[in-house]
Structures are given as C-alpha cells and as structure tokens.
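> Next one to model:
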Amino acid sequence: MFLKKNKKINRLNKGYTLLELLVALAIIGLLSSIILSSVNMARKKARDARRLSDMKQLQTALELYYSSYGRYPDGDHDGDGGWDTGGDGDFISALSAGGFLPRDILDPSINDIYGNYAYHRYTAGDWGCNASRGAFYVLGVRDMETSGRPYPTSPGFSCPPKRNWQDEYDWVTGSFEQ
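All right, here's what the predicted structure looks like:
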C-alpha cells in the first residue's frame, strides 16, 4: 500500500502530459484568433467611420466652394476614367488651398494609386440629368470595408434612366448647381 501512494505522488510531480499541453495550446490559439478577428473588424469599422466623416467634410467644403464661386470645382479629368480620385485629387487640393478644408483628405487605407474617393463634375444635361438643374457633381467611396454595395447610409445619386452611380460606388452622393 505504501508503494502505491509513492507512485501517485511521483506521477503528480512529473508535470503535465503531452495531451494536456496540446489542449492548452489549442485553447490559446482559438482565443487569440477570436481576439485578432475582433480587432481586425474594429479597425475596418474605424476606417469606414473615418471615410464617412471625410465625405461629410468634403460635402461641406464643396458647398462652401459653391457659395463662394457659384459653381463646384472642376476635377482632374485625366485620372481614373475621367474621375478625380482621392490619391491625386486636384479637387481636394483646390478645396484645401481655398481654405474650405483644414487639410488634404486621403482614404485611411489607400490600396492603389487612385485611392478610394472619387469626384466628378458633370456639365448640365450629362447622363440624362435634367439640364435645367445645371451642372452637378458626384462624390463617392469605392469600397467601404464593412458592407457591400450600397452602404446602408449612402444617400445615392442617379439620373434615371441612364445612370445610377450607386451601382458603381459603395457610398455616393451628388448635387446640382441649381
């Protein structure tokens, strides 16, 4: 009987078994993957919130520009399909230089030379829009990271039946000069 107790004591002093260590490592790995995916989603939501904030700032700056000059700024039409993009945006620089924006605005995660923001000023009547409403601009975000197209808070912009910019951008808005 004395020998059996010693065997139990010796077994308890040896440490963890290989199976116990593997189970512990699996649990740690699972917890860390859950935490990392949560952190990654939080970062995406933060970048989308920044994009929405940037769009509001740009809309306000465009309206201030319009109030001062009676028209919206021209874009750099040699960019992505004639669109002025956030990566090289002349319209953003014009708004900053004119004092309508406190700083140049760039997408928080530019992944190509064109950026993620796009602006285009169209002449009156383009794409079937009512010519009596004058020229107009379209401002959009190509890719919101936390949802598909359309983004839930996107105001959208279209000139039926010819063009709906919501089909091209996750978040889009526009305004006529008249």
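> Helices along this structure, start to end?
Along the chain, the stretches classed as helices by DSSP state H are 2-13, 18-69, 90-97.
> Compute the inter-axis angle for the last one and helix 18-69.
When axes from the mean of the first three to the mean of the last three C-alpha atoms, to 10 degrees is applied, the directions of helix 90-97 and helix 18-69 differ by 70 degrees.
> CA-only coordinates of helix 90-97 in CSV, if you can.
In CSV, the C-alpha atoms belonging to helix 90-97 read as follows (Å, rounded to 0.1, in the frame of the first residue of the first chain):
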residue,chain,number,x,y,z
ASP,A,90,-6.9,68.1,-57.6
PHE,A,91,-10.4,69.0,-56.3
ILE,A,92,-9.3,68.2,-52.8
SER,A,93,-6.2,70.4,-53.2
ALA,A,94,-8.4,73.2,-54.5
LEU,A,95,-10.7,72.9,-51.5
SER,A,96,-7.7,72.9,-49.1
ALA,A,97,-5.9,75.8,-50.8
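> I'd like the average pLDDT over that helix.
In this model, helix 90-97 carries a mean pLDDT of 82.
> Run through who's touching that helix.
Contact with helix 90-97 is made by 58, 61-62, 65, 73-76, 84, 86, 101-105, 117, 119, 121, as judged by C-beta atoms under 8 Å, 6 or more residues apart in numbering. Every C-beta, even on glycine, is put in place using the N, C-alpha and C of the backbone.
> Now find how far off-centre it is within its chain.
How far helix 90-97 lies from its chain's middle: 20 Å, per C-alpha atoms, centre = their mean, to the nearest Å.
> Tell me which residues of that helix come out buried.
The neighbour-count check on helix 90-97 (16 or more other C-beta atoms under 10 Å) flags D90, F91, I92, A94, L95, S96 as buried.
> And those residues, which is closest to K45?
Using C-beta to C-beta, I92 comes nearest to K45 of the buried residues of helix 90-97, at 23.9 Å.
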